[in-house]
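K.L.:
here is my input; please provide its structure:
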Amino acid sequence: MDTATFVMTAVPPFRLDCTVWAIRRRPANLIDRWDGITWRRVHAAAEGVLEVQVTQTGVPEKPMLRVRVLGDRLSADSKARVKTLVTRMLGLETELSDFYRLADGEKSIGRLVERFRGVRLPRFPSVFEALVNGIACQQLSLTVGITLLNRLARFCGDRIVTPEGVSFGFPRPQRLAPVDAADLRKLGFSRQKAEALLALSREVSRGNIDLEKLEASSDEEARDQLLRLKGIGPWTADYALLRGLGRLTVFPSGDVGARNKLQSVLRARKPLDDRDIRKRLRRWGAYAGLVYIHLLLSGLAEEGCL
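P.N.:
Alright, predicted model coming up:
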């Protein structure tokens, strides 16, 4: 097996642990693995299936990342591809000094920002993966949603055997498209979700839609186009805008857990509706999505993950 090792840097401050937990969301996640030191993920590249391993060696204010790549056939382009992947997924080039200035002295959300200082908005490698995550987790707890995604990865995701064992990757559209709806039902997906997943993967794999072109669209334009897809509602569209396109302005207000956590952090006396959330987050403007990530981490910390 070929291996390559190199070092990457990030705009400070940066914390790998918090950022990876924002990707993982649950300890049982088989796709994004974390042992407390190293983040591991399977990546399907042109030269074959790779395993990418990332460890932070520098402190948050002087972050250094050691990246190790394993694969049967690494090419001259492997390093560049993995650098692009890691930079996107971990938000290594995101500059957040304005966000930290907003948080300075703020006594509710600001305290979370101080606690998790260095976390970034993590993005999935593709808008497709963000949408599949959103569909899987619709109207379910995160624990159940991650369980479904694990089953999907085992069933039709790429896999690689390394000296550490078998690792599973997130299914590519081309691997999900030929699957029968009945097989997805056996994995635990509802009929509606199975149909939505297959419709999406088939449209993408056939080249009928190019989700990555949404990078050039405004938030509203991208949301409108996403809402035209089968099985995609407002929450899933917002989730894809945030976690697939990296739109920091987007707070997925349809997320009941985030809504409740925000109410708790703000010590609001009554449940918050969409209008309340927009009003309460006005201060944070361009960083509402990063507030969402901090609320997620707060919940994970309460569960003992962080």
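
K.L.:
helices along the stretch 101-250 of the chain, start to end?
P.N.:
Per DSSP state H, counting those that start in this stretch, the stretch 101-250 of the chain carries helices over the ranges 109-115, 127-137, 142-156, 173-176, 181-187, 191-205, 219-227, 234-243.

K.L.:
and of these, who's closest to Thr84?
P.N.:
In this view, those are compared for proximity to Thr84 by C-beta to C-beta, and helix 127-137 is the closest at 15.2 Å. C-beta: built from backbone N, CA, C; applies to glycine.

K.L.:
which helices and strands sit right next to the closest one?
P.N.:
Using 3 or more C-beta pairs under 8 Å, 6 or more residues apart in numbering; DSSP states H and E as the contact criterion, the neighbours of helix 127-137 among helices and strands are helix 142-156, helix 191-205, helix 234-243.

K.L.:
list the contacts of Leu112.
P.N.:
When contacts are counted by C-beta atoms under 8 Å, 6 or more residues apart in numbering, Leu112 is found next to 265, 294-295, 297-298.

K.L.:
repeat that for 7 Å
P.N.:
For Leu112, the contacting residues are 265, 294, 298, taking C-beta atoms under 7 Å, 6 or more residues apart in numbering as the criterion.

K.L.:
give me the nearest residue to the first one, chain neighbours excluded.
P.N.:
Spelled out, that is Val265. Spatial nearest neighbour of Val265, excluding adjacent residues (C-beta to C-beta, 6 or more residues apart in numbering): Ser108 at 5.4 Å.

K.L.:
quick one, phi/psi of the one you found?
P.N.:
Note on Ser108: backbone dihedrals following degrees, to the nearest 10 are phi -110, psi -80.

K.L.:
what distance do you get for it to Arg115?
P.N.:
Counting by C-beta to C-beta, to the nearest Å, the gap from Ser108 to Arg115 is 12 Å.

K.L.:
same check on Arg175?
P.N.:
Arg175 sits 39 Å away from Arg115, going by C-beta to C-beta.

K.L.:
kindly report the same for Arg25.
P.N.:
In this structure, Arg25 lies at 18 Å from Arg115, with C-beta to C-beta as the measure.

K.L.:
could you do Ala28 as well?
P.N.:
Counting by C-beta to C-beta, the gap between Ala28 and Arg115 amounts to 24 Å.

K.L.:
higher neighbour count, these two?
P.N.:
Neighbour comparison, Ala28 and Arg115: the larger count goes to Arg115, with 14 against 11 (by other C-beta atoms under 10 Å).

K.L.:
pLDDT wise, what is the more buried one at?
P.N.:
Note on Arg115: pLDDT of 96.

K.L.:
Glu164 now?
P.N.:
The pLDDT attached to Glu164 in the predicted structure is 87.

K.L.:
so how many other residues sit close to it?
P.N.:
The criterion is other C-beta under 10 Å. On that basis, Glu164 has 11 neighbouring residues.

K.L.:
ok, now which ones touch Arg88?
P.N.:
Remark: with contacts taken as C-beta under 7 Å, 6+ apart, Arg88 is in contact with 123, 125.

K.L.:
put the alpha carbons of whichever strand or helix holds it into PDB.
P.N.:
With secondary structure defined by DSSP states H and E, Arg88 is part of helix 78-90. As requested, C-alpha coordinates have been extracted for helix 78-90 and formatted as PDB (Å, rounded to 0.1, in the frame of the first residue of the first chain):
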ATOM      1  CA  SER A  78      -3.000  12.700  -4.900                       C
ATOM      2  CA  LYS A  79      -1.400  15.300  -2.600                       C
ATOM      3  CA  ALA A  80      -3.100  18.200  -4.400                       C
ATOM      4  CA  ARG A  81      -6.500  16.500  -4.400                       C
ATOM      5  CA  VAL A  82      -6.300  15.700  -0.700                       C
ATOM      6  CA  LYS A  83      -5.200  19.200   0.200                       C
ATOM      7  CA  THR A  84      -8.200  20.600  -1.600                       C
ATOM      8  CA  LEU A  85     -10.500  18.100   0.200                       C
ATOM      9  CA  VAL A  86      -9.100  18.800   3.600                       C
ATOM     10  CA  THR A  87      -9.100  22.600   3.100                       C
ATOM     11  CA  ARG A  88     -12.800  22.500   2.100                       C
ATOM     12  CA  MET A  89     -14.000  20.100   4.700                       C
ATOM     13  CA  LEU A  90     -12.200  21.700   7.600                       C
END
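
K.L.:
could you pull out the buried residues of that helix?
P.N.:
Taking 16 or more other C-beta atoms under 10 Å as the neighbour-count basis, helix 78-90 is seen to contain the buried residues 78, 81-82, 85-86, 88-90.
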